[in-house]
Each structure stands twice: as C-alpha cells, then as structure tokens.
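Student: following is a predicted model, sequence given first.
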Amino acid sequence: MPSSVALSRETDNAMGLDFSALIRYPGPTAVVLDAISRLEHDAEDAAFAEVNACGLRGDFDFPKYACEKAHWAAVEDYEELLPERPTLPSLEWCLELPSSFSLTFGRDAIAVWHSLRWMYFVKETEWQQVMISAIKRFCDLLQAQDCIITSDENPAIIAFRNGASFEDALQAADQQGEGAVSHLGDLYIDEGYADDLVFEGPPGESSQVPLWDTHGYWRVRPLPGQPNENLD
C-alpha cells in the first residue's frame with residue numbers, strides 16, 4: 001500500500017532548490033556603481049515589483065515579509081547588516097532588495113539569488129516570464145555581457161561563491177555535467193509519479209505525487225542591446 005502524505009504549497013515551499021542567476025559584468029565601474037546606487041535608493045523598477053505582485057497573487061510568503069528598503073547584509077548571516085555599501089567587489093556582502101532579490105558582486109560576475117523555489121520557475125510559465133524579465137532588467141542596469149539562470153546548487157553558483165570568475169564558474173558546471181541546456185524547458189526533467197506516496201487533499205480526495213529533477217543552466221538571450229534570437 002502506498003503511504004499517505006499531506007503536502008501543501010507551504011510545506012513544499014520549505015524544501016528544495018532556490019532560483020539563482022549569474023551575470024557577467026565589467027566589474028564595479030563608475031556606470032555600474034551608479035546603477036547600484038539606484039538599486040539602493042530609488043523606488044523599485046516595475047520588473048522587480050512584478051515579482052512581489054506575482055508572489056502575492058500566488059499566496060507566497062516572500063512578498064509578505066519582504067524588506068521595505070534595500071540594504072547590505074552578510075552572505076552567511078542575513079541578520080548581520082552594514083550601514084553602508086561595502087567596498088566592491090565582495091563575496092562577503094550582498095545587496096538585499098524589497099523584491100527579495102539578493103545580489104553579490106564579484107570581480108567579473110554577480111550572483112543573483114531569490115527565495116522563489118526553483119520548482120516553481122521550471123514548471124510555471126508565469127514565473128518564468130516574471131523572473132526572466134527581472135533578470136533582464138538587472139542585466140540592462142548592470143551592463144551584462146552574459147547571463148545564465150540556474151538553481152542555487154548548480155556548480156557554477158557554488159564555484160562563484162568560492163571565488164571563481166564567470167568563465168571558470170561555467171567551466172566548473174560543464175565539467176560536472178551541469179552545463180548549458182538548449183531550451184528553457186530542458187531545465188525540468190519529468191520523472192513520472194512516486195509508487196509509494198500520494199497527496200492527501202480534502203477528505204476523500206488524493207492524487208499521485210509527481211517526481212522531477214533538474215539539470216544544467218540556461219543562457220539568457222537576448223541580453224539588452226543584443227539582436228533578438230528565437231530561443232525558448
């Protein structure tokens with residue numbers, strides 16, 4: 001007999017991988033620092049505000065507890081705050097935004113993290129549209145030269161956290177079999193349904209538990225200023 005589990009969006013959202021991106025940029029140039037200042041002090045761009053709006057429509061927790069103002073926090077302890085911007089680049093501090101994005105500025109790459117569970121991004125078209133629009137806006141502001149979207153446990157993200165350059169981070173992912181996929185949909189791997197678990201809904205209702213996996217990273221195309229490409 002299959003065992004019975006009661007899973008809700010809340011319990012499911014407490015587990016798993018998170019949304020991340022890695023942006024290649026020219027480093028903390030004067031233009032980039034000006035863009036960072038705008039992120040620190042200006043009202044949030046519409047593309048970022050839409051992330052919270054989408055979260056509220058779906059009854060996600062993150063927009064309900066989002067910070068009111070941008071601030072700098074320690075990467076290892078988000079409760080440790082800085083009163084002002086640290087010297088950049090820095091892998092120890094990140095810029096936290098009201099849209100629940102967190103940006104860490106390395107020497108030639110920026111790691112973008114969001115508490116949205118990766119499962120929702122790879123499975124739901126609305127989240128794909130909203131998050132890709134937000135990432136493209138970051139790319140526009142921060143003079144992106146390249147950009148990938150992946151989960152926060154992809155080897156590229158881990159390598160960046162350990163000090164790797166953008167190219168070395170992607171090479172780390174490639175070497176571990178977690179490199180680029182051709183299409184956005186290839187990030188999601190459908191593995192059918194569990195044989196020994198069921199969802200329990202209202203009394204008398206149950207359904208099979210879907211199984212899935214994820215693989216690789218997807219390159220954002222086109223970046224702002226680049227010619228349009230027919231990639232999905």
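Tutor: Thanks, I have the structure now. Not measured: the values here are computed from a predicted model. Numbering: from 1, shown residues only.
Student: which stretches of the chain form strands?
Tutor: 3-5, 18-24, 71-74, 81-82, 93-96, 101-105, 109-117, 146-151, 180-181, 188-200, 206-214, 217-219 (DSSP state E).
Student: F48: which of those is closest?
Tutor: Smallest distance to F48 across the strands of the chain (CB to CB): 6.8 Å, for strand 101-105. Every residue, glycine included, has its C-beta placed from N, CA and C.
Student: what average pLDDT does stretch 102-120 get?
Tutor: Predicted confidence along stretch 102-120 averages 97 (mean pLDDT).
Student: next, format the strands of the chain as JSON lines and append distance to Q226.
Tutor: Supplementary listing: these in JSON lines, determined by distance: least, CB to CB, whole Å:
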{"stretch": "strand 3-5", "distance to Q226": "46"}
{"stretch": "strand 18-24", "distance to Q226": "13"}
{"stretch": "strand 71-74", "distance to Q226": "31"}
{"stretch": "strand 81-82", "distance to Q226": "34"}
{"stretch": "strand 93-96", "distance to Q226": "25"}
{"stretch": "strand 101-105", "distance to Q226": "22"}
{"stretch": "strand 109-117", "distance to Q226": "18"}
{"stretch": "strand 146-151", "distance to Q226": "10"}
{"stretch": "strand 180-181", "distance to Q226": "17"}
{"stretch": "strand 188-200", "distance to Q226": "25"}
{"stretch": "strand 206-214", "distance to Q226": "26"}
{"stretch": "strand 217-219", "distance to Q226": "11"}
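Student: can I get those strands in a markdown table with distance to A173 and mean neighbour count?
Tutor: Putting the strands of the chain into a markdown table (distance: least, CB to CB, whole Å; neighbours: other CB atoms under 10 Å) gives the following:
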| stretch | distance to A173 | mean neighbour count |
| --- | --- | --- |
| strand 3-5 | 33 | 11 |
| strand 18-24 | 9 | 24 |
| strand 71-74 | 26 | 17 |
| strand 81-82 | 30 | 13 |
| strand 93-96 | 21 | 22 |
| strand 101-105 | 17 | 23 |
| strand 109-117 | 13 | 23 |
| strand 146-151 | 8 | 24 |
| strand 180-181 | 8 | 16 |
| strand 188-200 | 16 | 13 |
| strand 206-214 | 13 | 14 |
| strand 217-219 | 6 | 22 |
